[in-house]
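J.: give me coordinates for this.
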Amino acid sequence: MSVVVGKVGPNAIIQLADVLADRIGLEERAAALRAAGLAHYLACDPERMTDEREAAALHKVVQARLPQEWDELSWEAGERTAGYLLEHRIPKPAQWLLKRLPPAWSARLLLRAISAHAWTFAGSGAFSARIERGAIVIEIAQNPIAMPSCPWHRGVFTRLFRELVSPRVLVLQERCCAQGERACIFRIGWT
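T.: Reported below is the predicted structural model:
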C-alpha cells in the first residue's frame with residue numbers, strides 16, 4: 001500500500017528561504033535548508049509543487065533556529081507568497097475588478113478562487129470555508145504545514161484580502177492544529 005503525499009506550492013519554501021537570506025543572511029538560509037533536509041534546493045529553488053513535508057520541515061527548522069524572529073520571518077514569507085500570487089497567478093483584470101467591488105462581493109469572489117486552488121497552501125489538509133456577515137471563515141483540517149499561530153498562512157491571507165478586498169482586513173486564527181486542535185481556523189473580517 002502506497003502513502004499519498006500532499007503537495008503544496010513551492011512558495012511555501014522559496015519565500016521563507018528568501019526571507020532568511022534577506023533578513024539574516026545567505027549562510028543562515030543555507031544552514032536552515034540543510035537542517036531541514038533540503039540541501040537539494042541550495043543550487044536552485046523548487047519549480048513545481050513540492051512535498052508538503054518539505055515545506056513543514058523548513059518552517060519547523062526556522063522556528064527552532066530563530067524562535068525570537070520566527071513569527072515575523074514566517075509572516076513576511078506569507079506576505080511575499082501573496083505578492084507572488086498577485087504578480088503571477090491572479091489576472092490583472094480580475095484584480096482590477098475585485099478592488100472596485102463592494103468588499104463583501106470581492107471577498108466572495110476571492111474566496112471562490114482561493115477554494116479552487118486551496119491545495120497550493122493546504123496540501124493534503126481538508127480545506128473548507130464559509131461566509132458569515134462581515135467575515136469569511138477558512139478551515140484547514142489536518143493542516144500539514146501548521147505552526148503555532150500559523151504566521152505564514154495569516155500573512156498570505158492578510159495581504160491578499162487587504163490588496164483585493166479592503167485595506168482594513170484583519171485575519172485572526174481561532175484554532176491551530178499545531179496547538180492540538182483538529183483544524184486551523186482563520187476568521188477574516190473587514191470594516
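J.: for the protein, give me the ranges with low pLDDT.
T.: 1-4 (pLDDT under 70).
J.: redo that, cut-off 50
T.: The chain contains residues with pLDDT under 50 at 1.
J.: in it, which spans are strands?
T.: Assigned by DSSP state E, the chain shows strands spanning 7-8, 50-51, 126-132, 135-141, 169-175, 183-190.
J.: per the annotation, how does this structure divide into domains?
T.: Domain assignment of the chain by automatic domain parsing yields the ranges 7-75, 91-190.
J.: looking at these, which is nearest to residue 83?
T.: domain 91-190 (6.7 Å; C-beta to C-beta). For every residue, glycine as well, the C-beta is placed using N, CA and C.
J.: do me a favour and get the end-to-end distance for that closest one?
T.: 23 Å (C-alpha to C-alpha, to the nearest Å).
J.: next, find the distance separating the residue nearest the centre of the chain from residue 50.
T.: Centroid-nearest residue in the chain, with C-alpha atoms, centre = their mean: residue 153, separated by 3.5 Å. Look at residue 153 and residue 50: by C-beta to C-beta, to the nearest Å, they are 17 Å apart.
J.: try residue 66
T.: Distance of residue 66 to residue 50, given as C-beta to C-beta: 22 Å.
J.: same check on residue 183?
T.: In terms of C-beta to C-beta, residue 183 sits 23 Å off from residue 50.
J.: what's the offset of stretch 117-131 from the middle of its chain?
T.: Distance of stretch 117-131 from its chain centroid, counting by C-alpha atoms, centre = their mean, to the nearest Å, is 11 Å.
J.: for it, buried residues please.
T.: Burial within stretch 117-131, assessed by neighbour count using 16 or more other C-beta atoms under 10 Å, is assigned to 118-123, 125, 127, 129.
J.: quick one: buried residues of the lengthiest helix in the chain?
T.: If you go by DSSP state H, the chain has its longest helix at helix 70-88. Neighbour counts over helix 70-88 (16+ other C-beta under 10 Å) mark 70-71, 73-85 as buried.
J.: cool, and stretch 132-150?
T.: 136-140, 143-147, 149-150.
J.: ok, what's across the strand from the residue lying closest to residue 158 once chain neighbours are set aside?
T.: The spatially closest residue to residue 158, leaving aside those adjacent along the chain, is residue 171, at 4.6 Å (C-beta to C-beta, 6 or more residues apart in numbering). Counting by DSSP bridges, residue 171 forms beta bridges with residue 188.
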